[in-house]
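In: Let me see the structure of the following:
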Amino acid sequence: MVAESPAIRTIRCPDFEVDSSSEEEEDATEIAEELPGPSSPPNDFSFVSELPWDEDSEQGGRTPKIQPHVPRPNRVRIPRRSRRLQRPRTISDVTPLLQAPPPVALDIPVAVHEQQNINSQGYLAISDSFSRRLSVSSKSIRQTHTGQSTFGQTLFNATAILLGIGLLSEPLAFSYAGWTAGTILIIFYAFIASYTAKILARVIVADPRMKTYSDIGRKAFGPRSYVIISFLFCLELFGVSVVLVTLYADSLHAIFPQYPSTTYKIMGCILLIPMVFLPLSLLSYASILGVVSTILLVIVVFIDGFSKQEAPGSLLNPDATNIGVQSFQKLGIAFGLFMAGFAGHAVIPSLARDMIDPSQSDRMINWAFTIATVVYTAIGYAGYLMFGDNVSDEISRDLLQTKGYNPVLNQLVLWMLVVSPITKFALNNQPVRFLSSIYHTIHTCVRQLNATVEAVLGISMVKDNITKSNDGTFDNDKLFLKRCLTAFQRILLTIMTVIVSIAVPQFSAVMAFLGSVSAFMINIVGPVAVKVAMQRYCGVFDGAILVIGVAMAIWGTTSVVLAA
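Out: This is a model prediction of the structure:
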């Protein structure tokens, strides 16, 4: 019980869990009756505030002090019941929400102001861009934000993540879908992907303890969802690794056609195995090649297109194209090819969390997806006009194989597409979280393929996961065993990637599979399902997105399997 006082005062109370008993609900109702005020207007994303405080999720330490504003209540009763917290188990830092804090009391500095109102449901209205409803059993708090990224830095990184290797297959996607359906699809996917990215960004900003997409899924669906999410990430990252090997070999085959792509893939395996053991400090600088190669590819496509006077390969004299869809099977493949270009939801929410001003995350996401859509559409239009229905699944190969272009520029692009996939492959398989950024002030992390696999198998080399002996030192035998298993796992994954790339040599088939399976589930269905689970209500718009997303994922996956 707290006496009325106009000064700042601190209430010391136990932590609460969202699954409170009926007694706690009665206490909450009584408090709501004692705190009158007009009802706050509903918020479109008010479900974020109802996100339960998972007491087993925090990494330890005390809860940061907060200062919610309340009017002068005569009495404030705090529910007496609370549950004891368990000690955190030793676990890898790649799963931060699986650690629990030691039992601590919650310090709540309360500032009294006349202007703030609390409605009859016991909710506190906070006037910021992420306004959220607050309940007594699940208190929303104002955290001291420590983001370090400016708006421009975050926008650059988000755009660089979206503009990846999916750029190469955009002309083929327009060839399969035609002008009308292709234009509608790419705009529709950009709009829906932007909407779902905002959902994830608002959820992760609302709870500072969340750091990754997996944390959001665990908060919404419980600890068991971690296995499913990890499987989807492993599938996506493994598919990306296969695409990188295919792109490297195809680009090298276009430069030196005397050897088949399979030969270059086997040679590349010998090169890739030692690279997965290199330190991240060496590989992170090489990641800039991906950004440079993307920019260079866009420039060279338009230079070549306007420098040639006759078809094929000319923007001045376009090749034959189609307005409508070629076939329903090819339309399904186009679903995956278009969707693969907007697969950035595993990283973008964390980028928004690291912003200095997270309230600008919506505007940043709008700009990032707008820029990506414009670039994808421009490359898709240009490539389709230049080569028509004969365009290949990698426009870079068409540029080199078509006569009449500047050979120096095209050779430069091809060599960039040889070196860039090799460095990206090593980064994609790093057993740590790496920085997807040129700006070293941004500390956004991505769970990579080896990190996820090692965490699931329990062979992570993170010190927290290595069992200590009774004398406090690390068990050398177990440490040696984990090192051997880790090395074996990384080598095996690399070999499996090359084998799958040889078995499925079509670049477009793997890209379409990635878009139809992992991209639809992680980028479209997953975020909307998170919102519905937290809000406990499914609106018409969200329901339509779920139905359309699942239908397109099934359609696209079936088309890819039949085509392969």
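In: Could you list every helix and strand that the helix or strand containing Q489 packs against?
Out: Assessed by DSSP states H and E, Q489 sits inside helix 476-503. Contacts defined by 3 or more CB pairs under 8 Å, 6 or more residues apart in numbering; DSSP states H and E place helix 476-503 against helix 225-255, helix 261-275, helix 449-457. Any C-beta I mention is one placed from the backbone N, CA and C, and that applies to glycine too.
In: what ranges do the strands span in the chain?
Out: 9-13, 69-70, 106-112, 434-435, 445-446 (DSSP state E).
In: Name the surrounding residues that touch stretch 497-508.
Out: With CB atoms under 8 Å, 6 or more residues apart in numbering as the test, stretch 497-508 has contacts from 168-169, 172, 238, 241-243, 245-247, 249-250, 261-262, 265-266, 268-269, 272, 333, 337, 393-394, 425, 510, 564.
In: Mind giving me the ChimeraX command for buried ones among those residues?
Out: Here is the ChimeraX command that selects the buried residues among these (16 or more other CB atoms under 10 Å):
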select :168,169,172,238,241,242,243,245,246,247,249,250,261,265,268,269,272,333,337,393,394,425,510
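In: re earlier: turn the helices and strands packed on helix 476-503 into TSV, columns for distance to M386.
Out: Listed next are these as TSV, based on distance: least, CB to CB, whole Å:
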stretch	distance to M386
helix 225-255	17
helix 261-275	23
helix 449-457	35
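In: between those helices, which one is nearest to K403?
Out: helix 225-255 (13.9 Å; CB to CB).
In: I'd like to know which elements that closest one is packed against.
Out: Partner elements for helix 225-255 (3+ CB pairs under 8 Å, 6+ apart): helix 213-221, helix 261-275, helix 395-401, helix 407-428, helix 449-457, helix 476-503, helix 507-514.
In: Mind listing what's buried along it?
Out: 225-226, 229-230, 232-254.
In: for the record, mean pLDDT for it?
Out: Here helix 225-255 scores 86 as its mean pLDDT.
In: now the angle from it to helix 261-275?
Out: Put simply, helix 225-255 runs at 130 degrees to helix 261-275, going by axes from the mean of the first three to the mean of the last three CA atoms, to 10 degrees.
In: Just list the residues touching the closest residue to Q329 other than its chain neighbours, thanks.
Out: Using CB to CB, 6 or more residues apart in numbering and skipping the chain neighbours, the partner closest in space to Q329 is S559 (4.8 Å). By CB under 8 Å, 6+ apart, S559 lies in contact with F328, Q329, K330, L331, G332, I333, F335, G336, A512, S516.
In: now these as a markdown table including distance to K219 and pLDDT?
Out: What follows is the contacts of S559, written out as a markdown table (distance: CB to CB, whole Å; pLDDT from 0 to 100):
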| residue | distance to K219 | pLDDT |
| --- | --- | --- |
| F328 | 39 | 91 |
| Q329 | 39 | 91 |
| K330 | 39 | 92 |
| L331 | 36 | 93 |
| G332 | 33 | 93 |
| I333 | 35 | 94 |
| F335 | 30 | 95 |
| G336 | 29 | 93 |
| A512 | 32 | 92 |
| S516 | 27 | 91 |
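In: Show the contacting residues for Y405.
Out: By CB under 8 Å, 6+ apart, the neighbours of Y405 are D304, S307, K308, G313, L399.
In: Of those, which is the nearest to F342?
Out: Using CB to CB, these come closest to F342 at L399, 24.4 Å.
In: one step back: return the member of the contacts of S559 nearest to V408.
Out: Distances from V408 to these, taken by CB to CB, are shortest for A512, at 32.6 Å.
In: If you drop the residues flanking it in sequence, what lies closest to that closest one?
Out: Using CB to CB, 6+ apart, the nearest residue to A512 is G336, at 3.4 Å.
In: Equivalent analysis for R363, please.
Out: Per CB to CB, 6+ apart, closest to R363 is F151, 7.7 Å.
In: low pLDDT regions in the stretch 101-250 of the chain?
Out: For the stretch 101-250 of the chain, applying pLDDT under 70 flags the ranges 101-146.
In: Spell out the residue ranges of the helices in it.
Out: For the stretch 101-250 of the chain, helices defined by DSSP state H, counting those that start in this stretch occupy the ranges 151-162, 170-206, 213-221, 225-255.
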